[in-house]
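Enquirer: Got a predicted structure here, sequence first:
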Amino acid sequence: MATYERLPPSGIKVIVVGAGFAGLSAAIECDRKGHSVILLEKVKNLKPLGDLITFAANAAGVFKKWENVVETLEPLCYKAPGISYFDWTGRFVTTQLWDNGKKFGEIVSGHRGEIHLEIMKHATDRGIDVRLGQNVTDYFETEDGAGVVCNGEKMKADAVIAAEGVKSPGRKIVLGYEDLPKPSGYAVYRAWYDSDVLAKNEMTKHLVINGDTHNGWIGRDKHFLATSIKNGKDFSWVLTHKDEADIDEDWQFPGKVEDVLKDLEGWDPLVHELVKATPADKLVDYKLVFRDPLPTFISKNARIVLIGDAAHPFLPTSIQGAAQAVEDGATIAACLDKSGKDNVTEGVRAYEAIRYKRVHKAQNMGVTTREQWHKADWDAIWKNPKSLHLKRDPWLLDFDPENHVYEVYDETVAKLRQDSTVPSKDGPLSKGFGPAVSETEVAV
């Protein structure tokens, strides 16, 4: 039987709501820190849904601390050496190699559902109390604890971690109001399918018969990314485009091949072939929405904390939404380790202070990357092709969230205590130890 790294019991009881990547990461990291964890998930039967998801080095480094997880994920993951960029007509522009990935660590990128099931298996193998089919309808907190109403019954713990995504009921108790989504002006067609048909097509076979590839076509107000994976066996493509349809914020809204082809009129014939090869039941049309940066991630009594998309939904062009969710999970677990059972609220407030500026800086990359591509000055690009490259900055990728907590926790708490003694005008950030962050620092 496998043995797992775990600190001695902390006495801290934690309820995690939502078993996506944020919730799973929080549950696993809390277990590593010796906290007692119950993980509640609404879905009764987990299925490998979704398509391509990427965890950059800042998240892959967390996975490395989970026994055998990276080794288990390795056969499922993409191994292309970089991404090649083309203009919308198919003219080659530049290739961005992941050579600096050796500095920052490996990328974990593969099918969302397959990776999710493997990490869920790791959580259950660790002995974490994972409960499926649990419908959480409300949250509550007191001075000495917090809890949820689940399947009509109350459950209580020292802290509750809300990781249910942008529609989490936990957002309302933290904010005090319903936070509605806003249209971003863009939507995404997404597809994932077996690449056999592409291997038989003279125009497309080079993308799948010689291992994994990653390519991007950039045009005005849209971009098309295509990836082959598992040694070319599976294929995924994504088209981000102007949103002109009235569809819901739902991953499973079906798309139509003919609509995609119409959207790509005048584009590279190779791209058209990739779309035509897509089975009708493998195409999803997904509206991209955003929410304003939240004034706080924590509840009034600092017993309920939002993480992942519940706290900060990312646009796909950031390529950091999943990674930041993993960072959240590692951070809250380490903060509770530092605080101890007698100071849980201090740990929760420290979590917010440590995460707030970093996560919004990363969140802003979703907009800047999209504009970098969609509003590109092509005369300038042909002079400097590397201006199309994705930003891979050390502050973002060369980062260990767990170690960071242990480096800054004491200083952070000292500042929070000092700030809490200074009278301030009532506002969304003046309750308790909330971080003092200006609108310009978090604007997205």
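Expert: Here it is on my side, so go on.

Enquirer: Which of the three states applies to I381?
Expert: Each residue gets one of three states, and I381 gets helix by DSSP: H, G, I helix; E, B strand; the rest coil.

Enquirer: Please report how far it lies from I218.
Expert: Per CB to CB, to the nearest Å, I381 is found 8 Å from I218. Quick note: C-beta positions are derived from backbone N, CA and C, even for glycine.

Enquirer: hey, what's in contact with both of those two?
Expert: Jointly contacting I381 and I218 under the rule CB atoms under 8 Å, 6 or more residues apart in numbering are V93, L388.

Enquirer: ok, how many other residues are close to D377?
Expert: By other CB atoms under 10 Å, 10 other residues sit near D377.

Enquirer: before we move on, what about H35?
Expert: Neighbour count of H35, defined by other CB under 10 Å: 26.

Enquirer: That one: what's it in contact with?
Expert: Listed by CB under 8 Å, 6+ apart, the contact set of H35 reads S10, I12, K13, V14, A333, L336, D337.

Enquirer: would you turn those into a markdown table with pLDDT, secondary structure and distance to N210?
Expert: A markdown table is the format used below for the contacts of H35 (pLDDT from 0 to 100; DSSP: H, G, I helix; E, B strand; the rest coil; distance: CB to CB, whole Å):
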| residue | pLDDT | secondary structure | distance to N210 |
| --- | --- | --- | --- |
| S10 | 98 | coil | 50 |
| I12 | 98 | coil | 51 |
| K13 | 98 | strand | 52 |
| V14 | 98 | strand | 47 |
| A333 | 98 | helix | 42 |
| L336 | 98 | helix | 48 |
| D337 | 98 | helix | 47 |
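
Enquirer: Can you tell me how far V188 is from W237?
Expert: 11 Å.

Enquirer: Does anything pack onto the strand or helix carrying H116? Which helices or strands?
Expert: Using DSSP states H and E, H116 maps to helix 112-125. Secondary-structure packing of helix 112-125 (3 or more CB pairs under 8 Å, 6 or more residues apart in numbering; DSSP states H and E): helix 21-32, strand 52-55, helix 69-73, strand 129-131.

Enquirer: now, of these, which is deepest in the fold?
Expert: Comparing the helices and strands packed on helix 112-125 by mean neighbour count (mean count of other CB atoms under 10 Å), helix 21-32 ranks first with a mean of 28.

Enquirer: circling back to that earlier point, and K167, which of the helices and strands packed on helix 112-125 is closest to it?
Expert: Distance to K167, taken as CB to CB, is lowest for helix 21-32 among the helices and strands packed on helix 112-125, at 13.7 Å.

Enquirer: Return the list of helices and strands in contact with that closest one.
Expert: Counting contacts by 3+ CB pairs under 8 Å, 6+ apart, helix 21-32 packs against strand 13-17, strand 36-40, helix 112-125, strand 159-162, helix 321-339.
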